[in-house]
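**Student:** no sequence for this one, just the structure:
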């Protein structure tokens, strides 16, 4: 039962502490300097992240693009975009639904999916290394990744015996 | 934890939980899903209840509220994936809020904004774990920034409630 002690209605923090055994946080209801520092810290952190991601993207773009499709962590497809001279549609069936991915030599797109929010479809075309689209409900990931070999690899034209 | 809870304490938490759930429903009704290309971006209205719990009831109650809310939403018709997001985001948020609320220089706005940012970070972590790629990290900066805006709004909405509860005083909230 709440303790009624006959005192006035306005409470002080000390009363609250005494009766409840724990202190409530200090009542700062005005926007203060500490808040500003916190916000600036968060903004800086985000700016740092965006810059880092941007630089990473620029580095990745130089490499030959491979398309990679993952379903629930399992790699379904991993090959160079070059290989897809004709447009190919991939139908991915998962426990949660179906996702359709269209791949050509230039791009990969999630064409359709039966997930409720359709964010993956709205992602649009993937053209550069580092771009990707994911369908979280279906746990499908479509990415453009750098190939396993570096750019300097020479193609073997033939083997002499 | 300490001794057994009184019926009064249980009721307090239950009312806050009901409030949080109701706010979630209200939010779902106000904002149709997919209005923004950014996944996981919400108004976070249920955090009003969380802030009230933190400022007017107690830290333990706030933590419990966060966990219970995720659990109840799961039981009410989720979505295990949603549950993972909710729990991780919620735990990050409450821990950050508890820490921030004790700082003298940080007002309720800071607590809410820090909580919102932590919530987003927790959710991105969940997304990275669930999708097994690092690609989701791309969303992190924008999600955090936008959630800070939401955090400020939540604090603004909660202040009158906390003030009113303070005003009512020890008779009601011990």
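**Tutor:** Nice, I can see it. Remember, predicted model here, so these are calculated numbers, not experimental data. Residues are numbered from 1 along each chain as shown, chains lettered A, B, ... in the order given.
**Student:** count of residues packed around the closest residue to residue B:84 other than its chain neighbours?
**Tutor:** Leaving aside its sequence neighbours, residue B:84 sits nearest to residue B:126 (CB to CB, 6 or more residues apart in numbering or on different chains; 5.1 Å). Where C-beta positions appear, they are placed from N, C-alpha and C, glycine not excepted. Residues lying near residue B:126 (other CB atoms under 10 Å in any protein chain shown) number 23.
**Student:** Residue 73 - nearest residue in space that isn't next to it in sequence?
**Tutor:** No chain was given, so I picked chain A. residue B:132 (4.3 Å).
**Student:** actually it's chain B I care about, not the one you picked
**Tutor:** residue B:86 (6.3 Å).
**Student:** what about the residue nearest the centre of chain B, distance to chain A?
**Tutor:** Closest to where the C-alpha atoms of chain B average out (CA atoms, centre = their mean) is residue B:47, at 3.6 Å. Residue B:47 sits at a distance of 15 Å from chain A (criterion: CB to the nearest CB, to the nearest Å).
**Student:** Need the pLDDT of that residue.
**Tutor:** At residue B:47, the model reports a pLDDT of 94.
**Student:** Enumerate every residue touching it.
**Tutor:** Contacts for residue B:47 (CB atoms under 8 Å, 6 or more residues apart in numbering or on different chains) come out as B:93, B:112, B:115-116, B:119, B:151, B:154.
**Student:** By average pLDDT, which secondary structure element in chain A comes out worst?
**Tutor:** helix A:13-20 (a mean of 39; mean pLDDT, DSSP states H and E).
**Student:** sorry, back to before: for the residue nearest to residue B:73, phi and psi?
**Tutor:** Dihedral pair for residue B:86: phi -60, psi -40, per degrees, to the nearest 10.
**Student:** Also residue A:101?
**Tutor:** Given degrees, to the nearest 10, the pair of backbone angles that residue A:101 has is phi -120, psi 130.
**Student:** Helix, strand, or coil at the nearest residue in space to it that is not next to it in sequence?
**Tutor:** Leaving out its chain neighbours, the residue that sits closest to residue A:101 by CB to CB, 6+ apart is residue A:90, at 4.5 Å. Per DSSP: H, G, I helix; E, B strand; the rest coil, the local secondary structure of residue A:90 is strand.
**Student:** so what's residue A:90 scoring on pLDDT?
**Tutor:** Here the pLDDT value assigned to residue A:90 is 84.
**Student:** quick one: it from chain B, how far?
**Tutor:** For residue A:90, the distance to chain B (CB to the nearest CB) stands at 18 Å.
**Student:** Test my guess that that residue contacts residue A:104.
**Tutor:** No: the pair formed by residue A:90 and residue A:104 falls short of the contact definition of CB atoms under 8 Å, at 11.8 Å.
**Student:** Contacts only, for the nearest residue to residue B:114 once chain neighbours are set aside.
**Tutor:** Using CB to CB, 6+ apart and skipping residues adjacent in sequence, the residue nearest residue B:114 is residue B:100, 4.6 Å away. Counting by CB under 8 Å, 6+ apart, residue B:100 makes contact with A:38, B:106, B:110-111, B:114-115.
**Student:** Tell me which helix or strand residue B:100 sits in.
**Tutor:** Assessed by DSSP states H and E, residue B:100 sits inside helix B:80-101.
**Student:** Quick one: mean pLDDT over that helix.
**Tutor:** 92.
**Student:** Let me know the next secondary structure element after that helix.
**Tutor:** Taking DSSP H and E, what comes next after helix B:80-101 is helix B:108-131.
**Student:** so how far is that following helix off the chain centroid?
**Tutor:** Its chain's C-alpha centre and that of helix B:108-131 lie 10 Å apart, by CA atoms, centre = their mean, to the nearest Å.
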